[in-house]
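Q: fold the following, please.
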Amino acid sequence: MSSTSTPTESSCTTVSEPCAEPSAKKAKLTTSDFEMPSIVVFVVGNQKKVLQMPRRIARESSDLIDAECKDLSDTAVYIKLYPNIPVEIFTLFLVWLSTGDLNNAEEFASHPANPSAVDLEDTSKKLNQLAQCYHLAEILIARPFQNYITDQICKYLESLVDKDDLLEKTIARNVPLVYVDGQKESKLKCLLEDAIVASTTNLTRCMPIDNPELEPMVLAFWNGVAISAIRRNKELEDGRMRFPLNWGEERRCKYHEHKNDDEIMDCRERRLEKQGRMCIDQ
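A: So this is what the prediction gives:
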């Protein structure tokens, strides 16, 4: 029985038109093309979930990881334990590292299909996730991620303005996360205080849960809101303290973390450029 296979004919049917050289010959391969990339291994949560990320990407976004990997050889494996960080939250960080957008994470709380159906449980869950991501960024000293999360919080809170005190109640539900490191001032606390003041002219204290242990931090937070409200009168005269929130003067950035003055100026220029585009669109 003869074989049904037939030899493949060359695509070069004309002598004057030689075959194109295979791409493999154009781009020469080297040993580095077959080397295993250096990775960072994270053991996360009480389930001890093992997650990984290319070391180069992790170092670029985290000063902590960069410092601890600085003297490691390419073949060494960097392992970091985070038993107190929920796997869901750490996964959000890795999704952001990979794609630059938390909306690509299945774990990320999304808006309901019907905006009018949004309730306090939904909004509290989403702000809770964002606040936990913010604190993870602080632990990792990951300023790019921290500033991204700050922008996401501001944008989300702005979407809750004029929705029957939903913004104030959502923030009040998450006050314990503001003081996760004790009662100290922070840019996250400042942002949440300003958001409440900018969203209403009738401040009322929200005490979302009857828990004596949390009462001191809740009272401390609302005292901060009251101080922010005093500042508001002057800032309103200057056309500020309203959404989108004022991000600071030329020499400072009110809510972002920056390493130096150059980063502050770059951030300011990006915001001004964005504002300019918004004005054109309107």
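Q: going by C-alpha atoms from here, please, whenever you check contacts or count neighbours.
A: OK.
Q: so which residues of the stretch 101-250 of the chain form helices?
A: For the stretch 101-250 of the chain, the helices defined by DSSP state H, counting those that start in this stretch cover 120-140, 143-158, 166-173, 175-178, 187-199, 215-237.
Q: could you dump those to CSV with mean neighbour count, mean pLDDT and distance to residue 54?
A: Listed next are the helices of the stretch 101-250 of the chain as CSV, based on neighbours: other CA atoms under 10 Å; pLDDT from 0 to 100; distance: least, CA to CA, whole Å:
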stretch, mean neighbour count, mean pLDDT, distance to residue 54
helix 120-140, 19, 93, 16
helix 143-158, 19, 92, 17
helix 166-173, 22, 88, 35
helix 175-178, 21, 86, 30
helix 187-199, 21, 86, 29
helix 215-237, 16, 75, 39
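Q: nearest to residue 98, out of these?
A: Nearest to residue 98 among the helices of the stretch 101-250 of the chain is helix 143-158; the distance by CA to CA comes to 11.8 Å.
Q: and the closest one with helix 187-199, angle?
A: Counting by axes from the mean of the first three to the mean of the last three CA atoms, to 10 degrees, helix 143-158 lies at 20 degrees to helix 187-199.
Q: check which helices and strands helix 143-158 is in contact with.
A: Contact analysis of helix 143-158 by 3 or more CA pairs under 8 Å, 6 or more residues apart in numbering; DSSP states H and E lists helix 55-61, helix 120-140, helix 187-199 as its packing neighbours.
Q: related to what we said a few turns ago, let me have the helices of the stretch 101-250 of the chain in CSV, extended by distance to residue 57.
A: Formatted as CSV, those follow (distance: least, CA to CA, whole Å):
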stretch, distance to residue 57
helix 120-140, 13
helix 143-158, 12
helix 166-173, 33
helix 175-178, 28
helix 187-199, 26
helix 215-237, 36
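Q: the ones you listed: which one's closest to residue 101?
A: Within the helices of the stretch 101-250 of the chain, the stretch nearest residue 101 is helix 143-158; the backing value is 9.1 Å (CA to CA).
Q: starting at the chain centroid, how far to that closest one?
A: Chain-centre distance of helix 143-158: 6 Å, with CA atoms, centre = their mean, to the nearest Å.
Q: can you list contacts of it?
A: Helix 143-158 has contacts (CA atoms under 8 Å, 6 or more residues apart in numbering) with 61-62, 93, 96, 127, 130, 133-134, 137-138, 167, 188, 191, 195, 243-245, 255-258.
Q: Throw the helices and strands packed on helix 143-158 into a markdown table and include distance to residue 89, thanks.
A: As requested, the helices and strands packed on helix 143-158 are arranged in a markdown table below (distance: least, CA to CA, whole Å):
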| stretch | distance to residue 89 |
| --- | --- |
| helix 55-61 | 16 |
| helix 120-140 | 6 |
| helix 187-199 | 17 |
